[in-house]
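Colleague: show me how the following folds:
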Amino acid sequence: MPVDFTAIDFETANASTASACAVGLTRVRDGRVVATAGWLIQPPPGHDEFHPRNIEIHGIHPEDVRSAAPWTDQLDRIAAFAGADVLVAHNAGFDMSVLRRACAATGDQCPPYRYLCSVQVARRVYELPSYSLPFAAAEAGFTGFAHHDAAADALACAHIIIDAARRTGSGDLDTLAAAVGVRIGAIPAPELLHAVA
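Modeller: Modelled structure (predicted):
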């Protein structure tokens, strides 16, 4: 199915969702993966302590990000890759929180992306004992990836949405969301955030 979107995955240094230390991205055009990318991020000051549990999960250490560009520079790279695409993430609430909170920590303006959660989609399309990324990706035919490597996770997430669109005959993400009964969310535009505050 000819769906277009960008899948995204963040890894964090600690329990703070502002502590982005890696990002993975996968661009999909016409239902096919056309580009992948991933890189390390120097977490924002005040959110840059690496907790042992997080290191155990993703294997990224403080010395690994020492020469990485800081969040403000990385945000520009992420925006350049994703363009105006709908973002897709596995447990999108977490990844969108990373975007919002890292921007808040650095004073950057968070782009008002629309987003779709592949966990929610997988729950409506598949019958699985677990909807964690490895299980859902395997059902989509994508196996053997390095879970918690941000680039690999973004690619796995992309395959879930490509497969779900195929199974439901959906030609775009709005149609897919409607077909399975989930909502495409949106990060509020900065002026809307100020209006609420």
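Colleague: where does residue 61 land on pLDDT?
Modeller: pLDDT, residue 61: 98.
Colleague: which phi and psi values does it adopt?
Modeller: Backbone geometry at residue 61, expressed as degrees, to the nearest 10, gives phi -110, psi 160.
Colleague: tell me the buried residues in the longest helix belonging to the chain?
Modeller: In the chain, with assignment by DSSP state H, the single longest helix is helix 150-168. Residues of helix 150-168 classed as buried: 150-165, 168 (neighbour count, 16 or more other Cβ atoms under 10 Å). (Glycine included, C-beta is placed from N, CA and C.)
Colleague: what of stretch 29-38?
Modeller: Buried positions in stretch 29-38, judged by neighbour count with 16+ other Cβ under 10 Å: 31, 36, 37, 38.
Colleague: out of those residues, flag the one nearest to residue 84.
Modeller: Set against residue 84, the nearest of the buried residues of stretch 29-38 by Cβ to Cβ is residue 37 (17.2 Å).
Colleague: excluding its backbone neighbours, what's nearest the closest one?
Modeller: Distances taken as Cβ to Cβ, 6 or more residues apart in numbering put residue 25 closest to residue 37, at 4.8 Å, once the chain neighbours are dropped.
Colleague: between the two ends of stretch 24-34, how far is it?
Modeller: Stretch 24-34 has its terminal residues 14 Å apart, counting by Cα to Cα, to the nearest Å.
Colleague: picking that back up, the residue nearest to residue 37: how many residues sit nearby?
Modeller: Residue 25 has 24 neighbouring residues, counting by other Cβ atoms under 10 Å.
Colleague: tell me the secondary structure at it.
Modeller: Of the three states, residue 25 takes strand under DSSP: H, G, I helix; E, B strand; the rest coil.
Colleague: re earlier: now the helix or strand that comes right after the longest helix of the chain against helix 150-168, angle please.
Modeller: Counting by DSSP states H and E, the next helix or strand C-terminal to helix 150-168 is helix 173-180. For helix 173-180 against helix 150-168, the angle between stretch directions is 60 degrees (axes from the mean of the first three to the mean of the last three Cα atoms, to 10 degrees).
Colleague: pull up the pairing partners for whichever helix or strand comes after helix 173-180, direction included.
Modeller: Per DSSP H and E, the first helix or strand lying C-terminal to helix 173-180 is strand 185-186. Partners of strand 185-186 in the sheet, by DSSP bridges, are strand 114-117 (antiparallel).
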